[in-house]
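A.B. asks: let me see the structure of the following:
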Amino acid sequence: KKINIKNILSIFTYAPKGKITIMVTGILILTIAIIVSYFLFLKATIAITIDPKITERNKNILFSTINRTDTSANTIKGSFVSTSQDGNVSTSTTGKKDIGTKAKGSVTIFNSESVAKNLAQGTILKAPNGLEFTLDLATTVKAVASHSADETVTPEKVQANVTASQLGKESNLPSGTKFAVASFDTSDLIAKNDNPFSGGTKKEVTVVSKADSDKLEGELPKQLENKAKEALEKQIGKNKVLLPVFLSHSISKKSLNAKVGDETNQLTLSGTVEFQAISYDRSDLIELSKSLLEKDIPQTQKVDYNNIKATVLDIKQENDQEVDANLNIKALLIPKIDENKLAKDLKGKSFKAAQDALYKLPQVSDVDIYLSPKIPFLPKSLPSLERNIKILINING
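C.D. replies: From the prediction side, this is the model:
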């Protein structure tokens with residue numbers, strides 16, 4: 001709607017003099033009240049960003065399940081925790097094995113001596129190429145009959161079945177092959193096959209090796225470590241910390257889908273792994289960290305205990321109840337800032353003057369000032385009341 005300026009001015013033009021005075025006074029009081037209220041209730045937030053310095057400490061500590069936490073002795077009270085996890089792992093088998101059949105055949109054994117030869121089952125007969133065969137049954141070869149020196153000796157002979165000692169077609173020897181019998185001289189005792197040997201076959205197959213089995217027993221706990229850690233962390237709760245290394249693990253209820261030496265291309269191990277670890281109170285670690293960090297800290301700085309990073313390294317089990325480790329602590333150092341004093345010093349100053357003063361503080365990298373309520377056209381100055389100034393410290397990174 002259009003505003004009729006003449007009508008408004010007519011109020012002051014034609015109103016009685018007393019009423020004009022009252023109206024002017026009221027407007028003046030209202031204006032002053034607004035200005036005073038603005039400065040009384042004006043609030044400011046100063047956001048200061050700090051570039052922290054990093055401090056680091058290393059210390060050998062003891063996690064003990066039998067002693068209490070003692071920062072002077074670098075000891076933290078620990079508790080045993082355990083969990084069982086089921087799983088399975090597989091691997092390709094690497095063992096090699098020859099399978100097949102052994103050649104068989106019949107030989108004639110000739111004895112040229114005047115003494116009978118008793119040959120036990122398993123007596124070795126060796127071919128000229130070095131291949132060995134064994135007697136299937138015990139065999140006796142008679143002695144030759146007595147004769148004069150000028151008579152031709154006719155050896156005694158006997159038939160016997162033999163089996164190759166090795167697999168493979170190489171043992172399928174042709175007929176007429178001569179064999180040495182045990183340790184006897186071939187002039188006294190010799191064997192010969194009238195018919196070729198047969199039945200020898202061989203092929204190489206992949207089988208389970210002991211190394212395959214050992215490999216899976218090492219891999220199963222590794223595969224279940226993350227599940228075990230998750231289970232233990234749920235078990236101990238938020239106020240406790242789990243040492244990152246398990247003290248021990250053991251496999252029970254384990255089963256393999258094949259035995260060592262069995263022919264298969266893949267071996268699978270199923271089992272239950274029990275993990276044992278140590279947990280400790282987070283507050284104990286912070287307390288020990290404080291005692292280590294507060295040494296040699298400059299008077300003008302303080303440790304930001306909300307950003308302590310403690311890492312436990314080189315864990316070694318001393319005995320069944322204690323663990324030795326190296327504690328690496330990293331923390332942020334920030335300048336000591338008296339927020340109340342700072343607000344008192346900055347009250348009523350312009351934004352520029354306040355920022356100039358704040359940037360002179362150590363480790364300050366950025367300053368932002370916000371007014372509430374935010375009214376345009378008014379000068380950018382901080383409230384005159386220090387209680388209306390709020391200071392926020394932000395740590396960069």
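A.B. asks: what are the bridge partners for Lys102, then?
C.D. replies: Beta-bridge partners recorded for Lys102 (DSSP bridges): Leu167.
A.B. asks: check contacts around it.
C.D. replies: 163-167, 171, 199-200 (CB atoms under 8 Å, 6 or more residues apart in numbering). In this view, the C-beta of every residue, glycine as well, is placed from N, C-alpha and C.
A.B. asks: with Ala182 instead?
C.D. replies: Listed by CB under 8 Å, 6+ apart, the contact partners of Ala182 are 119, 123-125, 189.
A.B. asks: by neighbour count, which of those wins?
C.D. replies: The most crowded member of these, judged by other CB atoms under 10 Å, is Leu125 (25 neighbours).
A.B. asks: quick check: chain neighbours aside, which residue is closest to that one?
C.D. replies: Leaving aside its sequence neighbours, Leu125 sits nearest to Phe179 (CB to CB, 6 or more residues apart in numbering; 4.1 Å).
A.B. asks: what do you get for Ala143?
C.D. replies: Closest to Ala143 by CB to CB, 6+ apart is Ala116, at 4.6 Å.
A.B. asks: list phi and psi for the one you found.
C.D. replies: The phi/psi pair for Ala116 (degrees, to the nearest 10) reads phi -70, psi 150.
A.B. asks: which residue ranges of the stretch 51-200 of the chain form helices?
C.D. replies: Read by DSSP state H, counting those that start in this stretch, the stretch 51-200 of the chain holds no helices at all.
A.B. asks: now the strands: where do they sit in it?
C.D. replies: For the stretch 51-200 of the chain, the strands defined by DSSP state E, counting those that start in this stretch cover 53-64, 75-92, 95-111, 117-119, 124-126, 132-135, 139-141, 156-167, 178-181, 189-192.
A.B. asks: and the third one, what's buried?
C.D. replies: Of the residues in strand 95-111, those buried by neighbour count under the rule 16 or more other CB atoms under 10 Å are 95, 100-105, 107, 109-111.
A.B. asks: mind checking how far it is from the chain centre?
C.D. replies: When C-alpha coordinates are averaged (CA atoms, centre = their mean, to the nearest Å), strand 95-111 and its chain have centres 53 Å apart.
A.B. asks: could you dump it to CSV, C-alpha only?
C.D. replies: Extracted as CSV, the C-alpha positions of strand 95-111 are listed here (Å, rounded to 0.1, in the frame of the first residue of the first chain):
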residue,chain,number,x,y,z
GLY,A,95,52.7,-83.2,-3.1
LYS,A,96,53.6,-85.6,-6.0
LYS,A,97,53.2,-89.4,-6.0
ASP,A,98,53.6,-92.1,-8.5
ILE,A,99,50.8,-94.6,-8.8
GLY,A,100,50.3,-97.6,-11.1
THR,A,101,51.0,-101.3,-11.2
LYS,A,102,54.1,-103.5,-10.9
ALA,A,103,55.2,-105.8,-13.7
LYS,A,104,54.9,-109.5,-13.1
GLY,A,105,56.2,-112.6,-14.7
SER,A,106,57.8,-116.0,-14.3
VAL,A,107,61.5,-116.9,-14.3
THR,A,108,63.5,-120.1,-14.3
ILE,A,109,66.2,-120.2,-11.7
PHE,A,110,69.3,-122.3,-12.5
ASN,A,111,71.6,-123.8,-9.8
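A.B. asks: and Gln363, how close does it get to Lys390?
C.D. replies: 20 Å (CB to CB, to the nearest Å).
A.B. asks: of these two, who's got more company?
C.D. replies: Higher neighbour count among Gln363 and Lys390: Gln363, with 18 against 14, using other CB under 10 Å.
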